[in-house]
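Peer 1: From the sequence below, what's the structure:
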Amino acid sequence: MSSLPWKIFTAVNILGISVANGTVIHAIQQSNTSVIPWTECPDVPSTQCATFNVPLDYTNPDWNETVSIFLRKYPATAPEDQWLGSLLTNPGGPGGSGSEWVLRRGKEVSEILDGRYDVIGFDPRFSYGSILGATFAALKPNLVKRMVLDGVSDSESYYNDVLQWGRDSMQDTNKTMAGFASTCIEAGPEYCALANKSDTAQGILDRLEALYTRLDEDPLVFGDSPYGPGIIQAHHVQNFMLTSLYRPDIWRGVAEALVLLEQGVGLTLSAAFAPYYAIAPRPYAQNVFNRSMQTIRTREEFNPILCGDSAPLNITIAQYTDYFREMGRLSGVGESYATITGRCRGWPFRAKERFPILFVSLDGDPVTPLGSAVKMSKAFESSSVLVQHGPGFIYPTNATKSKRAMLGEQDARLLDAVEKIG
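Peer 2: As a prediction, this is how the structure comes out:
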């Protein structure tokens, strides 16, 4: 890995420094998209804004309530005959503002692509970009012309086992941490403050572990922060390192903050985290759109999205403790990530579409065997398999042709099960 991040504080990657787990979709033009009423945004005239109504509940076609999605577009700048379409972006997550991302990165992305695309972001945008992108491509492949998934997360484990998703996410974390240390040594003390007392990458990692141990036993108390007094513990520094691994372009500042912590000075680290802890959701009236638009994701949106997307997490405190320690063995920042995935343990709500499925099969079906129903049921938590004994294909064809009062025992059980599901 190059030592360049230490020498240049900002860098531009292809597609405008796409945020981790981001999605960029080039959508096939549909006739109904022309009805979106784009107008000049009152806050930033170089962008265009619109709202687009969608059903509040797609699973209930009889419910007429809708919710408006806010859209912001950085328009293409190329001549009309060179226009290639729209890029629908969804940067990272869960939560945070997709329209705000267009404000920060729309012009940059447009210039990289020679101004030939409209760059569009939306709110609310919910889950991880690459999760939503992969899901959308699987459900609606006919609506996608091109798609870029940048920072790809494991959709299978994300939906089915949030703890396993946490393990999967840590596969290359140690490699990133090693890159932080090795490039620091390559850059030298002029560009990396941690290289002042270490001449090997392992030496830097050992110093970081020693700092964790010291702060675990003796937290650093400070009172000179613009945000008030505070305490820095080991887990604060580990959280700081986890988020810092996302951004090699800030590693120089990270190294300086760590050296100050070694010296007992916590001001730099407190400045990095205090604004997040102190921030309060902005009232609707604080923007011209009269809508809630949080530029920084909050726990109030993060937890419902992450935990609502995944399967229920029914584990004991002891099991979570074991998982927490396991994650710590996987990575030096694994315990911090365990606090993200483990928070779903206390989440009691399930997404509405997570109703149990009833799989029905005859045990003598000529082309859709009982074994298929059993296999499919294993893939859907809380589902059940209803077995009708006898030959033939599918239940209705071979069910008792009678009124409910005269149903056989198997028919009655089936109808009761269906009524309970709703």
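Peer 1: pLDDT (mean, whole number) over the helix or strand containing Leu261?
Peer 2: If you go by DSSP states H and E, Leu261 is part of helix 251-262. Per-region confidence: helix 251-262 scores 93 on mean pLDDT.
Peer 1: Only the buried residues of that helix, if you could.
Peer 2: Buried residues in helix 251-262, counted by 16 or more other CB atoms under 10 Å: 251-252, 254-255, 257-259, 261-262. Just so you know, the C-beta spots here come from the backbone N, C-alpha and C atoms, and that holds for glycine as well.
Peer 1: Dump these to TSV, plus distance to Leu132.
Peer 2: Formatted as TSV, the buried residues of helix 251-262 follow (distance: CB to CB, whole Å):
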residue	distance to Leu132
Trp251	30
Arg252	33
Val254	30
Ala255	35
Ala257	34
Leu258	35
Val259	40
Leu261	37
Glu262	41
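Peer 1: Identify, from those residues, the entry nearest to Pro312.
Peer 2: Minimum distance to Pro312 across the buried residues of helix 251-262 is 36.9 Å, recorded for Val254 (CB to CB).
Peer 1: what's around Leu71, how many residues?
Peer 2: 20 (other CB atoms under 10 Å).
Peer 1: Within the helices and strands, which one has it?
Peer 2: Using DSSP H and E, Leu71 sits within strand 66-74.
Peer 1: mind listing what that strand pairs with, with the direction of each?
Peer 2: Note on strand 66-74: by DSSP bridges, its sheet partners are strand 48-55 (antiparallel), strand 117-123 (antiparallel).
Peer 1: centre of the chain versus it, how much separation?
Peer 2: Here strand 66-74 is found 20 Å from its chain centre; the criterion is CA atoms, centre = their mean, to the nearest Å.
Peer 1: outside of that strand, which residues touch it?
Peer 2: Applying CB atoms under 8 Å, 6 or more residues apart in numbering, the set of residues contacting strand 66-74 from outside is 36, 38, 41, 46-56, 86, 98-99, 102-103, 106-107, 109-110, 118-124, 289, 291, 293.
Peer 1: Convert that strand to CSV, retaining C-alpha atoms only.
Peer 2: Presented in CSV, the C-alpha positions along strand 66-74 are these (Å, rounded to 0.1, in the frame of the first residue of the first chain):
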residue,chain,number,x,y,z
THR,A,66,-48.7,7.5,0.2
VAL,A,67,-45.4,8.9,1.4
SER,A,68,-43.4,11.5,-0.6
ILE,A,69,-39.8,10.8,-1.5
PHE,A,70,-37.6,13.9,-1.8
LEU,A,71,-35.3,13.9,-4.8
ARG,A,72,-32.4,16.2,-5.6
LYS,A,73,-30.7,16.2,-9.0
TYR,A,74,-27.4,17.6,-10.3
